[in-house]
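Undergrad: the following comprises the amino acid sequence and a computationally predicted model.
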Amino acid sequence: MQKAVGVFVVTLFLGLGPSNAQERPGIIYSQKAQRDDKVWYFHVMRDRHGRVTLTEDSLIFTSRKVSTSFFNFAFAYCDIQSIRTWYADMFIPNRIRIKTKSAGAVRLFTYKRRTLIRLTRERMAACAAP
């Protein structure tokens with residue numbers, strides 16, 4: 001009986017791995033994020049949580065609610081002019097600012113900013129190289 005329980009526990013823990021969202025084909029990286037644009041300051045009650053996803057050809061933000069889906073965006077890596085850390089209150093580097101060639105700029109609050117910025121810059125460099 002104890003062997004069966006031990007095998008079950010080991011199987012349970014070894015079966016837990018990274019998120020399936022990152023294992024799907026075409027997706028490079030995915031993580032939770034909050035959209036943090038100036039328009040959100042006037043919509044305090046709106047849900048601004050979502051997921052930022054890096055695919056083979058674009059960076060995508062999708063809101064987790066249908067009622068706020070009009071704030072979703074998708075930018076091709078070739079259309080992104082810059083991506084960098086953004087400072088809240090001029091002291092705390094806890095946001096990402098994505099500046100595009102045509103649509104202006106958006107800000108995201110997310111953890112693991114360095115990973116997201118690094119992967120996006122790698123894709124931007126690959127897009128710029130002939």
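TA: Sure thing, it's come through.
Undergrad: buried residues of stretch 94-101, list them for me.
TA: When neighbours are counted by 16 or more other C-beta atoms under 10 Å, the buried residues of stretch 94-101 are found to be R95, I96, I98, T100. Every residue, glycine included, has its C-beta placed from N, CA and C.
Undergrad: doesn't the third one belong to a strand?
TA: To tie it back to what came earlier, the one meant is I98. Yes: with DSSP: H, G, I helix; E, B strand; the rest coil as the criterion, I98 is located in a strand.
Undergrad: residue contacts, it?
TA: L59, F75, I80, S82, I83, A105, V106, R107, L108, T120 (C-beta atoms under 8 Å, 6 or more residues apart in numbering).
Undergrad: redo that, cut-off 7 Å
TA: Going by C-beta atoms under 7 Å, 6 or more residues apart in numbering, I98 touches F75, I80, I83, A105, V106.
Undergrad: next one, pLDDT for the residue nearest to the last one when sequence neighbours are not counted please.
TA: Leaving aside its sequence neighbours, V106 sits nearest to I98 (C-beta to C-beta, 6 or more residues apart in numbering; 5.2 Å). At I98, the model reports a pLDDT of 93.
Undergrad: just read off the phi/psi values of the spatially most central residue of the chain.
TA: In the chain, the C-alpha closest to the average C-alpha coordinate belongs to V52, at a distance of 2.5 Å (C-alpha atoms, centre = their mean). Recorded main-chain torsions at V52 are phi -100, psi 130, according to degrees, to the nearest 10.
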